[in-house]
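Asker: how would this look folded up:
(one chain, ligands or ions: 2)
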Amino acid sequence: MKRPYRIILTGFSGTGKTEVARLVAARLGWTALETDDLIVQRAGKPIPNIFAQDGEEHFRRLERDALADACRRPRTVIGIGGGANISGENRRIMADGGFIVCLEAHPETILQRLRPQLEQDPEARPMLAGPDPLARIRQLKALRAPFYALADYTVHTDGLSPEQVANEVVRAWRQLSAAALAAEGRLAALTAAPTASAIAAPYRPPADATCVVQAASATYPVFLSWGALTDLGRRLAQAGLTGRAFLIADATVHARWGPAAQEALRTAGFRVAVYPVPAGEASKSLDTAAAIYDWLVTQRAERGETIVALGGGMVCDLAGFVAATFARGLPLVHVPTTLLAMVDAAVGGKVAVDHRQAKNLIGAFYQPRLVLADVSVLQTLPPRELTAGWAEVIKHALIMDEELLHLLEGNAEAAQRLDPEVAEQVIGRSVALKAAVVSEDEREETGRRTILNYGHTIGHGLEAAADYAGLLHGEAVAVGMSGAARIAVRLGILASALAQRQDALLARFGLPLRAPGIDVQRMLSAMALDKKVKGGAVRWVLLEDIGRPVIRRDVPPPLVEEVLAELTSAQP
Ligand SMILES: NC(=O)c1ccc[n+]([C@@H]2O[C@H](COP(=O)([O-])OP(=O)(O)OC[C@H]3O[C@@H](n4cnc5c(N)ncnc54)[C@H](O)[C@@H]3O)[C@@H](O)[C@H]2O)c1
Ligand SMILES: [Zn+2]
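Answerer: Numbers count the residues shown, from 1 in each chain. Ligands and ions are numbered 1, 2, ... in the order given. Reported below is the predicted structural model:
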């Protein structure tokens with residue numbers, strides 16, 4: 001019997017594959033190789049970027065090719081990526097002429113070994129991103145354990161130095177590998193899928209979700225329907241949440257909808273404690289967050305217990321910020337009650353409080369476990385708030401979805417009077433668009449998420465110049481979209497008929513197209529400080545067509561001033 005001239009090391013990240021591969025290769029006079037290195041070489045970018053930009057599926061394809069390449073090389077020790085052996089085809093490639101050794105370690109050992117790297121660069125390990133890496137390691141390890149069991153030999157590495165592990169691998173190769181590879185039925189046994197009962201089900205969002213956010217750091221469902229509030233407790237339970245629910249509620253919203261939310265939670269077995277927050281943006285502060293921390297401490301809130309945010313964007317941002325930071329992160333559930341919060345603030349994981357100097361200055365990315373939106377609660381929303389929310393819905397249609405634009409044009413009145421069927425359809429579709437963008441670009445890194453800023457450059461300028469008091473956000477965005485369209489038409493990139501179509505729809509929804517009397521100079525200086533300024537020039541999101549946004553840094557300042565002067569003049 002002949003020993004194989006290839007050793008393959010599998011196992012979770014942090015079990016020491018890289019180092020051990022190097023040591024084993026040195027001992028045998030072979031070459032050490034990492035499939036992850038081959039992938040990076042070929043893709044020309046780091047793995048987190050491949051995940052973020054091209055998706056996990058694409059990464060897995062690159063991984064299979066890299067594995068096939070590595071497994072053609074003799075006298076090689078190959079360390080393979082932590083998830084590579086899930087595919088049966090990959091296991092066949094590995095098993096064919098290679099001695100497969102799995103390096104095992106307890107989750108605590110793994111976390112201890114990975115911690116320095118996670119702290120230095122959390123994004124280097126996208127599969128472990130999130131507030132509770134130990135829980136994530138346990139979960140992933142449990143999922144993959146049946147696959148790791150498909151090896152010729154296993155070394156338990158806890159308490160061993162890399163040298164000791166390498167010795168053990170070399171010993172096993174010398175004494176056991178020839179017999180292992182000759183064993184009858186080996187290839188079939190290693191290639192066959194583990195039995196279904198051996199695989200813990202990966203998290204699959206319920207099939208009846210309105211849409212699913214699949215961001216790099218988390219996957220979660222959004223449930224949007226007329227009357228969804230009665231399902232709140234059931235949805236939490238379905239998402240695996242248990243224990244107490246800490247309901248952080250906008251006081252105005254709580255007076256009307258709090259009892260229904262509490263009842264839904266209690267019926268599903270949750271104990272509920274409520275913290276009402278005075279309505280209004282002033283509550284979105286570090287002071288309020290600190291008061292909520294005090295309350296959570298007196299309640300003896302523990303990790304794993306859930307924060308439920310009930311209210312508009314103000315409460316979603318505030319409660320989300322508290323959830324992200326208290327005890328390094330509590331599970332978060334958003335129950336948005338304004339149209340703006342449903343289609344924007346509750347989906348996407350941006351949480352923040354305001355600083356005296358700037359809105360949303362202190363914040364984080366922190367995804368909720370689920371979002372539940374009951375369209376019927378919009379019936380009690382002040383009409384002006386509802387109207388402002390439509391601006392973001394129309395924005396989503398303009399930048400991404402002509403079909404939704406048609407729906408809005410064909411059902412403008414029914415939508416505004418909250419006809420249940422129409423409202424569910426158009427709001428649900430708008431949320432799904434936001435979810436799709438966030439899934440592609442969770443942290444505003446690839447530029448995809450930037451398109452959501454359509455209308456917001458001028459919009460933020462208006463809000464700042466009006467001291468955030470005179471105009472609601474959605475109203476400012478409507479004026480901003482009207483201004484952006486004027487700019488695009490004058491740059492010759494947008495047909496004026498489309499600009500008119502946009503403005504006509506905004507006007508039909510009762511949104512303003514101009515903001516007379518606002519000081520242009522104050523707007524300009526506010527816009528220069530706007531977050532969307534990158535490398536000096538303002539990045540404008542403009543439309544070339546419905547569903548075709550472009551980002552332009554070359555809008556001439558005189559054109560901006562001209563358009564702002566028109567938007568703010570007394571006469572149309
Ligand atoms: N995180 C994000 O991605 C994101 C996106 C957009 C906006 N935001 C933030 O959202 C906030 C604005 O959100 P908003 O417009 O929802 O304002 P809001 O939360 O202040 O709510 C507006 C008003 O409506 C009342 N209200 C809410 N729901 C009600 C209901 N169903 N019935 C009766 N009254 C109701 C509130 O009491 C409040 O007076 C801002 O702080 C903004 O920064 C965040
Ligand atoms: Zn907005």
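Asker: Can you name the residue of the stretch 451-572 of the chain nearest to ligand 1?
Answerer: Here the residue of the stretch 451-572 of the chain nearest ligand 1 is residue 473; by C-beta to the nearest ligand atom that distance is 5.9 Å. All C-beta atoms are positioned from the backbone trio N, CA, C, and that covers glycine.
Asker: In contact with the residue nearest the centre of the chain, which residues are there?
Answerer: The structure's the chain has its C-alpha centroid closest to residue 215; by C-alpha atoms, centre = their mean the separation is 3.4 Å. If you count contacts by C-beta atoms under 8 Å, 6 or more residues apart in numbering, residue 215 has them with 349, 367, 438, 439, 442.
Asker: what about the first one, distance to residue 322?
Answerer: Which is residue 349. Relative to residue 322, residue 349 is positioned 14 Å away (C-beta to C-beta, to the nearest Å).
Asker: Neighbour count: those two, which is higher?
Answerer: More neighbours surround residue 322 than the other of residue 349 and residue 322, with 26 against 22 (other C-beta atoms under 10 Å).
Asker: Could I get the pLDDT score of that one?
Answerer: With respect to pLDDT, residue 322 scores 98.
Asker: Quickly find the element holding it.
Answerer: Per DSSP states H and E, residue 322 falls inside helix 313-325.
Asker: go on, residue 333?
Answerer: strand 332-336.
Asker: Direction included, what does that strand pair up with?
Answerer: Using DSSP bridges, the strands paired with strand 332-336 are strand 306-311 (parallel), strand 370-374 (parallel).
Asker: outside of that strand, which residues touch it?
Answerer: Taking C-beta under 8 Å, 6+ apart as the rule, strand 332-336 contacts 229, 232, 235-236, 239, 241, 245, 261, 306-313, 316, 319-320, 323-324, 341-342, 345-347, 366-374.
Asker: packing partners for the host helix or strand of residue 141?
Answerer: Using DSSP H and E, residue 141 sits in helix 133-148. Counting contacts by 3 or more C-beta pairs under 8 Å, 6 or more residues apart in numbering; DSSP states H and E, helix 133-148 is packed against helix 107-120.
Asker: picking up where we left off before, let me know the angle separating the helix holding residue 322 from strand 332-336.
Answerer: Here helix 313-325 runs at an angle of 180 degrees relative to strand 332-336 (axes from the mean of the first three to the mean of the last three C-alpha atoms, to 10 degrees).
Asker: The nearest residue to residue 80 once chain neighbours are set aside and ligand 1: what is the separation?
Answerer: Nearest residue to residue 80 in three dimensions, chain neighbours excluded: residue 35, at 4.8 Å (C-beta to C-beta, 6 or more residues apart in numbering). Using C-beta to the nearest ligand atom, to the nearest Å, residue 35 is found at 37 Å from ligand 1.
Asker: Give me the pLDDT for residue 35.
Answerer: At residue 35, pLDDT is 94.
Asker: Contact partners for it?
Answerer: Neighbours of residue 35 in contact, by C-beta under 8 Å, 6+ apart: 63, 66, 67, 70, 78, 79, 80, 81, 84.
Asker: Counting neighbours, which of those comes out on top?
Answerer: That'd be residue 79 among the contacts of residue 35, by other C-beta under 10 Å, with 28 neighbours.
Asker: Tell me which residues touch it, please.
Answerer: Residue 79 neighbours (C-beta under 8 Å, 6+ apart): 9, 17, 18, 20, 21, 32, 33, 34, 35, 36.
Asker: So what sits opposite it in the bridge?
Answerer: Per DSSP bridges, the residues bridged to residue 79 are residue 9, residue 34.
Asker: Off-centre distance for the helix or strand in which residue 291 is found?
Answerer: Using DSSP H and E, residue 291 maps to helix 286-298. Here helix 286-298 is found 26 Å from its chain centre; the criterion is C-alpha atoms, centre = their mean, to the nearest Å.
Asker: got the angle for it vs strand 306-311?
Answerer: 140 degrees.
Asker: how about helix 286-298: buried residues?
Answerer: 288, 289, 292, 295, 296 (16 or more other C-beta atoms under 10 Å).
Asker: JSON lines for those residues, including pLDDT?
Answerer: Shown next, in JSON lines, are the buried residues of helix 286-298 (pLDDT from 0 to 100):
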{"residue": "288", "pLDDT": "98"}
{"residue": "289", "pLDDT": "98"}
{"residue": "292", "pLDDT": "98"}
{"residue": "295", "pLDDT": "98"}
{"residue": "296", "pLDDT": "98"}
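Asker: Go through the contacts of residue 79 and name the one nearest residue 454.
Answerer: Within the contacts of residue 79, the smallest distance to residue 454 is 37.9 Å, found for residue 36 (C-beta to C-beta).
Asker: Now do the contacts for the closest one.
Answerer: With C-beta under 8 Å, 6+ apart, residue 36 has these contacts: 47, 66, 79, 81.
Asker: okay, now the closest residue to residue 482 other than its chain neighbours: neighbour count?
Answerer: Of all residues not flanking residue 482 in the chain, residue 513 sits nearest, at 4.3 Å (C-beta to C-beta, 6+ apart). By other C-beta under 10 Å, the residues close to residue 513 number 18.
Asker: swap in residue 18?
Answerer: 16.
Asker: any idea how far the nearest residue to it once chain neighbours are set aside is from ligand 1?
Answerer: Counting by C-beta to C-beta, 6+ apart, residue 18 lies nearest to residue 79, which is 5.4 Å off, once chain neighbours are set aside. Going from residue 79 to ligand 1 by C-beta to the nearest ligand atom gives 40 Å.
Asker: try residue 380
Answerer: 4 Å.
Asker: How about residue 103?
Answerer: 42 Å.
Asker: Partner strands of the helix or strand containing that residue and their direction?
Answerer: According to DSSP H and E, residue 103 maps onto strand 99-104. According to DSSP bridges, strand 99-104 has the following sheet partners: strand 6-10 (parallel), strand 153-156 (parallel).
Asker: buried set for the last one?
Answerer: Along strand 153-156, the positions that meet the burial threshold by neighbour count (16+ other C-beta under 10 Å) are 153, 154, 155.
Asker: Considering the residues you listed, which is situated nearest to residue 497?
Answerer: Using C-beta to C-beta, those come closest to residue 497 at residue 154, 68.1 Å.
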